[in-house]
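Peer 1: Sequence and predicted structure below; questions after.
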Amino acid sequence: LLDDGCVFIRTTFAASLNEKTVSSHFDWLVKKEYQYQTHNKYLGFFRSFIKWLYTENILEKLPRNLNGRRHRKNIIHKEIKRYSNLIDVLRSLPDQQKLWALLALNCGMTAADIGQTSWEQIDKNEWILTRRRVKTGDIKSTPTVRYRLWRETIHLLKKVNSRRGLIFRTSNGQPMYCCWYEIGWQLILGLHLLF
């Protein structure tokens, strides 16, 4: 059932699963010492599997302890790591790298996001950047988000020469980010047309 080990031995019959099975699985999961996210995710998979067996009439009744709260791992709140020298690091960067860093901080952007940021995404009157996340942008449910740009970010954007298309390009004018999957499919389609 799980990536790194089996929950049940091969001789276990699904119809014989019971409260003891659930307790054994929980004990096994605790010994793995996963972080709470992974622990609870695997516990959820296990519970869903047992419920599926029940809905398929493979299991006559659900174990009473299946949804026991003690089986879940509580969230551990950790103090946020603070960078006391962040301002000093930003000040030491050349303008272009500083703009990348400020966009990453201001808008929570990854390198792929920054590489695909265009002037068309920025309202230059209000200085608000509107975009969809690059990695999941082709999925309809991906939300559109709006970021009010910081004064420092705006100041550096105003220094950029071009006001159309991608904001950042490589030294030879190419986009800084290219999706491998898109390139891969274009290559496959191109080869298909050749033959």
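Peer 2: Perfect, I can see it now. Numbering: from 1, shown residues only.

Peer 1: Which helix or strand contains Leu43?
Peer 2: Take DSSP states H and E as the rule and Leu43 turns out to sit in helix 36-55.

Peer 1: Okay, buried residues for that helix please.
Peer 2: The neighbour-count check on helix 36-55 (16 or more other CB atoms under 10 Å) flags His39, Asn40, Tyr42, Leu43, Phe46, Arg47, Ile50, Leu53, Tyr54 as buried. Where C-beta positions appear, they are placed from N, C-alpha and C, glycine not excepted.

Peer 1: The fourth one and Arg70 touch, don't they?
Peer 2: Going back to what we said before, that points to Leu43. No - using CB atoms under 8 Å, Leu43 is not in contact with Arg70, being 11.1 Å away.

Peer 1: Please enumerate the shared neighbours of those two.
Peer 2: Phe26 (CB atoms under 8 Å, 6 or more residues apart in numbering).

Peer 1: Pull the number of nearby residues for Tyr147.
Peer 2: Counted with other CB atoms under 10 Å, the neighbours of Tyr147 add up to 18.

Peer 1: can I assume it sits in a strand?
Peer 2: Yes - looking at Tyr147 with DSSP: H, G, I helix; E, B strand; the rest coil, it is inside a strand.

Peer 1: partner residues bridging it?
Peer 2: Residues in a beta bridge with Tyr147, per DSSP bridges, are Leu129.

Peer 1: Show the pLDDT at it.
Peer 2: At Tyr147, the pLDDT value in this model is 94.

Peer 1: Just to check, it is in contact with Ile128?
Peer 2: Yes - using CB under 8 Å, Tyr147 is in contact with Ile128, at 6.7 Å.

Peer 1: and Arg131, what does it touch?
Peer 2: Counted by CB under 8 Å, 6+ apart, Arg131 has contacts Cys107, Asp113, Thr117, Gln121, Thr144, Val145, Tyr147.

Peer 1: So what's the residue count around the second one?
Peer 2: Residues within reach of Asp113, counting by other CB under 10 Å, total 19.
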